[in-house]
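1. dropping a prediction and its sequence here:
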Amino acid sequence: MKIQKITFMALTALLTLSLGACSLIGQKHSQKNQGGTENSSRESQKNTSSDDIEELLEKAETANEDLTSMKMKVKLSITVDGSNKTQTMSGDLLYDKSTDELAKGHLVIDGKESGQESYQEAIMPGGQDKLLYTRSSKNGTWSKQEMGSGADYYVQPDYFKLMDGFYQMADDVTVKESGDEYIFKLSSKNADLLGLFGEEFKLELTGVTQADMDKKLEVRLDKKTLFLKDFKLGLSYKGEEGSLDVQTDTQYSEWNKVEEDEFKAPQ
C-alpha cells in the first residue's frame, strides 16, 4: 500500500535529553455529582478493582465501535531547560466505521517557538483520489495534492489508537465517577506510557529512561456513551541531564455529530 506522510510542525528537544519529532497530521493507509449528597460523593470515590475497570473498558471498546465522527483539540507543550515550544491542533474528523481508518478531516495547527508563530491548515475531503489541500496562512493560497487510491489519510494522535492503548491499562489506573464522566488516573509507576502512546505523539527519549521521569495520565470518558472526552499525558524530568517537561491534552466532543460540509474542498 502506498504510504505518504506530511509533517506540519516538528517539536524537537535538541539537547542531551532529547524528544523526537511530534507529527500531528499526515497521510497513511469536572463536574459535581447530581444531587450533591454525602452518600453520592462517597460512592463516586469508592475503590474499584482492576476486574471492574477491565469490564468497564471492555464496555467502552464495544461502545466505540459505533463512533464515526468527532471534533478534536490537541494541546502540546514541550519545555527543555526553560525553552518552550507549543502546538495546538483543532478540527473535525470522520472515520470509516468498518476499518476505524480516517476517511475525511479538516484540521488547523497553530504553533509557537521562540516567539515565532506558525499556522497550517489541511482539508482531507476523501474520495477515490484522496486529495489533500494545505495552506500555511489563514488567508493563503491552497496547495492541492492528489494522494491516489492507494494512500490513506491519518492524523496523530489518532482517537482509536489512543483508545486501543488505554484498553490495556486496567491494572495501571484507578477510576471514579464525577458528574457525567468516568475519570481514570495513573496508579502504576511501571506503566509503559511511551510504549502505549509514544508513537501517537511522536515521543522518544534519549539520555534518560521512563524510570527517571515523573509520569501522569488522566483519561475522561463520557459516562453515557463511553466515548473519549479528554486524554492528558504528562512526562517530566529534572536532573543531571537537564530538565524536560512534556504536557499533552487531547480533547474530543460532538461525537457522531460532525457534518459533511466540514470537509468540503476549498473553492
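-> Nice, thanks for sending it over. Numbers count the residues shown, from 1 in each chain.
2. can you map out the helices along the stretch 51-200 of the chain?
-> Assigned by DSSP state H, counting those that start in this stretch, the stretch 51-200 of the chain shows helices spanning 159-166, 193-201.
3. let me have the ones you listed in JSON lines, adding mean pLDDT and mean neighbour count as columns.
-> C-betas here are computed from N, CA, C, even on glycine. What follows is the helices of the stretch 51-200 of the chain, written out as JSON lines (pLDDT from 0 to 100; neighbours: other C-beta atoms under 10 Å):
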{"stretch": "helix 159-166", "mean pLDDT": "97", "mean neighbour count": "19"}
{"stretch": "helix 193-201", "mean pLDDT": "92", "mean neighbour count": "19"}
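4. any chance of CSV for the ones you listed, columns distance to Asp96?
-> Shown next, in CSV, are those (distance: least, C-beta to C-beta, whole Å):
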stretch, distance to Asp96
helix 159-166, 11
helix 193-201, 19
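5. what's the closest of those to Lys97?
-> For Lys97, the closest of those is helix 159-166, at 10.9 Å, according to C-beta to C-beta.
6. now tell me what touches that closest one from outside.
-> With contact meaning C-beta atoms under 8 Å, 6 or more residues apart in numbering, helix 159-166 is reached by 57, 60-61, 64, 67, 70, 72, 93, 95, 100, 184, 196-197, 199-200, 219, 228, 231, 250, 252.
7. Glu232 is in contact with Lys215, isn't it?
-> Actually, residue 232 is Lys rather than Glu. No: in this structure, Lys232 is not within contact of Lys215 by C-beta atoms under 8 Å, at 11.5 Å.
8. returning to that earlier point: so which of the contacts of helix 159-166 are in strands?
-> Counting by DSSP state E, the contacts of helix 159-166 place Met70, Met72, Leu93, Tyr95, Phe184, Val219, Leu228, Phe231, Thr250, Tyr252 in strands.
9. identify the bridge partners of the fifth one.
-> Think Phe184. Following DSSP bridges, Phe184 is listed with bridge partners Val175, Val219.
10. my read is that it contacts Ala170, right?
-> No: between Phe184 and Ala170 there is no contact under C-beta under 8 Å: 9.7 Å.
11. and for those two, which residues touch both?
-> The contact lists of Phe184 and Ala170 share Ile53, where a contact means C-beta under 8 Å, 6+ apart.
12. the two - which one has more neighbours?
-> Neighbour count, other C-beta atoms under 10 Å: between Phe184 and Ala170, Phe184 has more, with 24 against 19.
13. export the ones in strands among the contacts of helix 159-166 to a markdown table and tack on pLDDT and distance to Ser178?
-> Listed next are the ones in strands among the contacts of helix 159-166 as a markdown table, based on pLDDT from 0 to 100; distance: C-beta to C-beta, whole Å:
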| residue | pLDDT | distance to Ser178 |
| --- | --- | --- |
| Met70 | 98 | 21 |
| Met72 | 97 | 22 |
| Leu93 | 97 | 26 |
| Tyr95 | 96 | 28 |
| Phe184 | 99 | 11 |
| Val219 | 99 | 13 |
| Leu228 | 99 | 16 |
| Phe231 | 98 | 16 |
| Thr250 | 97 | 19 |
| Tyr252 | 99 | 18 |
